[in-house]
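In: coordinates only, sequence not included:
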């Protein structure tokens, strides 16, 4: 697997996560197969395959296991949203798929600050990275339709270290926080 001069979207996402976690960059990422499954080549053994596997490995390497959840239930919820990120957000092929994802997330986030409840987790980070290209392209009206997603996204993009070089997505704040408790 030759290192490319420019990283693809999935490899870029992992490199940004690595930086957000405070890890030294230098891991070698690649992809395999038609579906562009991410691969991390490790120094001691076979490569790690899959976004969730690699991201969880990086979190543990950074000694930030709290991002994977604290209780058994929270860990399961974090894993559920990581799976959703890979199977639904990572596979959007049409505008209708994107709308379905935004509707699902909007309903889920109605009474939550973070995807897994009250704690910022890896699910929030990877969902943010996975949705960034979608949110950048939404009109003001579309952002208002998905108000809970917009509120959550705006909060996550301002979380220290998360956004990095990604474009800041602008929201009309008075609409995002009118229903705040």
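Out: Looks like it arrived, so ask away. From a predicted model like this one, the values you see are computed outputs, not experimental measurements. Numbering: from 1, shown residues only.
In: for the residue sitting nearest the centre point of the chain, what are its contacts?
Out: Taking CA atoms, centre = their mean as the criterion, residue 126 is the residue nearest the geometric centre of the chain, at 1.5 Å. Remark: with contacts taken as CB atoms under 8 Å, 6 or more residues apart in numbering, residue 126 is in contact with 13, 17, 51, 55, 82, 85. (C-beta placed from N, C-alpha, C; glycine too.)
In: switch to 7 Å and redo it
Out: With CB atoms under 7 Å, 6 or more residues apart in numbering as the criterion, the residues that contact residue 126 are 55, 82, 85.
In: can you list the weak-confidence ranges in this protein?
Out: Under the criterion of pLDDT under 70, the regions of the chain flagged as low confidence span 1-7, 173-181.
In: break down it into its helices, ranges please.
Out: Using DSSP state H, the helices of the chain run over 9-20, 51-61, 72-87, 95-108, 122-137, 140-145, 147-157, 173-176.
In: list the buried residues in the third one.
Out: The one in question is helix 72-87. Neighbour counts using 16 or more other CB atoms under 10 Å place 74, 77-79, 81-82, 84-86 of helix 72-87 among the buried residues.
In: quick check: the two most widely separated of these?
Out: Considering CB to CB, no two members of the buried residues of helix 72-87 lie farther apart than 74 and 86, which are separated by 19.0 Å.
In: follow-up on the earlier one: so which of the helices of the chain is nearest residue 164?
Out: helix 9-20 (5.6 Å).
In: for the closest one, which outside residues touch it?
Out: When contacts are defined by CB under 7 Å, 6+ apart, helix 9-20 is touched by residues 7, 25, 27, 29-31, 36, 38, 51, 54-55, 58, 125, 129, 161-162, 164.
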